[in-house]
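A.B. asks: quick one, structure for this:
(one chain, ligands or ions: 1)
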Amino acid sequence: MFKSHLRWITNLPRVKPFYAVKCNNTPTVLRMLSALDTGFDCASKGEIQLALSLGVTPDKIIYAHTTKPLSHIKYACAHGVEMMTFDSEDELLKMSLCHAKAKLVLRIAVDDSKSLIRLSSKFGARLVSVGKLLERAGELGLDVIGVSFHVGSKCTESLAFQQAIADARHVFDIAFSEVINGALDEFFPPDSGVQIIAEPGRYFVESAFTLAANVIAKRVVIDDMDEHCDSEASPKRMMYYLSEGVYGSLSFLISDPNHGKVEPYLHRAVESSEQRYRSVIWGPTCDSTDKVTDNYWIPELHVGDWLLIDNMGAYSVCLSTDFNGFERAHIYTVVTAETWHAFIKPDRPRSTPVV
Ligand SMILES: *Cc1c(COP(=O)(O)O)cnc(C)c1O
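C.D. replies: Sure, this is the predicted structure:
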């Protein structure tokens, strides 16, 4: 168990485990996990009682059954267990009756077809009903703090997790819009006669552009070996000079101090066995602040290779300059045939699909 715990925190450092007590409720198991500071997923009054009796504090418990007897909810409430799951309007009503301060987690149904034991036919709200449920929770003054799912037991397909996590993100986005819609309905109801507009920028374009930058020059630096040098690491340090930099479409690296590191990736698949080198990636100009990223570990690149950077549509090309005589990036439009026919009428006078 200790090794499993280590493996978990090493591989999923951002995911705090809440052990599902139903799987094995031997007190030694719970004591051991409690000492390792895990949380506990309890499904009934009995399991909550057991965990509490072993010294687990209520903030480490999630009451993770979506259909709970009233008496068990009251027990959780009386003992300070606040986090609990729900997947229906009726469960919300029970909560508002017995545990109005509960911190609710909405369980969604996800694709569990790749699992040995499937659960989504019994538990979990469908994505289409999420908006309605969140709205109802709002009306009842209940606090929804998160989303949960179970891909089924013995799941053999990692993509099932990917899709389920994407679905959970979708619920957060819906919740965000529910708050806005709720406030609008309260302060500017539809019959108020006020027309509401918004001016989204980043929302529409950020993910629509990918920057392809060309490696125009390269320099290999051999660092001096000294006693601090890790003998395993190669002393070779790569310097690449790209066709784009902070005076081009990457100007947000300078103007937005909170912007994280950009992570250019290779145009081709990278094998995990490939040797990687510590690399510095510079922009093309003579200015020493024109640096794209530092201390970046990638396989060796060659002049002429392409590096790609995603999500480059917002405040990028519009802010680029031709400082030092380097041309601004060209923009190539790629549309699917479907989109082309649906939105860009061939009979409308237009120059060319490539701008
Ligand atoms: C049973 C259960 C788990 C644990 O499932 P395993 O397949 O044993 O990992 C997790 N969450 C919920 C809600 C469960 O009912």
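A.B. asks: quick one, what contacts the closest residue in space to residue 248 that isn't next to it in sequence?
C.D. replies: In space, and not counting its chain neighbours, residue 248 is closest to residue 320: 4.5 Å by Cβ to Cβ, 6 or more residues apart in numbering. For the C-beta atoms, the positions are set from N, CA and C on the backbone; glycine is no exception. Shown in contact with residue 320 (Cβ atoms under 8 Å, 6 or more residues apart in numbering): 247-249, 251, 328-329.
A.B. asks: tell me the residues of the protein that contact the ligand?
C.D. replies: Counting by Cβ under 6 Å from any ligand atom, the chain comes close to the ligand at 20, 22-23, 41, 64, 150, 153.
A.B. asks: rewinding a little: pLDDT wise, what is the residue nearest to residue 248 at?
C.D. replies: On pLDDT, residue 320 comes in at 92.
A.B. asks: so how far is the ligand from it?
C.D. replies: Using Cβ to the nearest ligand atom, to the nearest Å, we find residue 320 at a distance of 49 Å from the ligand.
A.B. asks: got it, and residue 317?
C.D. replies: For residue 317, the distance to the ligand - Cβ to the nearest ligand atom - is 46 Å.
A.B. asks: so for that residue, what's the nearest residue that isn't a sequence neighbour?
C.D. replies: residue 249 (5.1 Å).
A.B. asks: so that neighbour, which state does it fall into?
C.D. replies: Under the three-state scheme (DSSP: H, G, I helix; E, B strand; the rest coil), residue 249 adopts coil.
A.B. asks: that one: neighbour count?
C.D. replies: 24 (other Cβ atoms under 10 Å).
A.B. asks: strands - which of the residues of the chain next to the ligand land there?
C.D. replies: 20, 41, 153 (DSSP state E).
A.B. asks: if you rank those by neighbours, which is first?
C.D. replies: Going by other Cβ under 10 Å, residue 41 tops these with 23 neighbours.
A.B. asks: thinking again about what came up before, got a winner among the contacts of residue 320 for most neighbours?
C.D. replies: Counting neighbours by other Cβ under 10 Å, residue 248 leads these with 27 neighbours.
A.B. asks: was I right about that residue contacting residue 321?
C.D. replies: Yes: counting by Cβ atoms under 8 Å, residue 321 is a contact partner of residue 248 at 7.4 Å.
A.B. asks: shared neighbours, these two?
C.D. replies: Residues touching both residue 248 and residue 321 by Cβ under 8 Å, 6+ apart: residue 328.
A.B. asks: helix or strand for residue 238, which one?
C.D. replies: Residue 238 belongs to strand 236-242 when assigned by DSSP states H and E.
A.B. asks: show residues contacting that strand.
C.D. replies: 213-223, 264, 277-284, 292, 300-301, 307.
A.B. asks: buried ones among those residues?
C.D. replies: For the contacts of strand 236-242, a neighbour count by 16 or more other Cβ atoms under 10 Å gives the buried set as 213, 215, 218, 264, 277-284, 292, 301, 307.
A.B. asks: give me the number of residues near whatever residue of the stretch 251-355 of the chain ends up closest to the ligand?
C.D. replies: Across the stretch 251-355 of the chain, the shortest distance to the ligand (Cβ to the nearest ligand atom) belongs to residue 272, at 27.5 Å. If you count neighbours by other Cβ under 10 Å, residue 272 ends up with 5.
A.B. asks: what pairs with the closest residue to the ligand within the stretch 1-150 of the chain across the strands?
C.D. replies: Distances between the stretch 1-150 of the chain and the ligand by Cβ to the nearest ligand atom are smallest at residue 20, namely 3.5 Å. Using DSSP bridges, the bridge partners assigned to residue 20 are residue 41.
A.B. asks: that one contacts residue 38, correct?
C.D. replies: No: between residue 20 and residue 38 there is no contact under Cβ under 8 Å: 10.6 Å.
A.B. asks: next one: the nearest residue to residue 309 once chain neighbours are set aside relative to the ligand, how far apart?
C.D. replies: Residue nearest to residue 309 in three dimensions, not counting chain neighbours: residue 211, with 4.4 Å by Cβ to Cβ, 6+ apart. According to Cβ to the nearest ligand atom, residue 211 and the ligand sit 41 Å apart.
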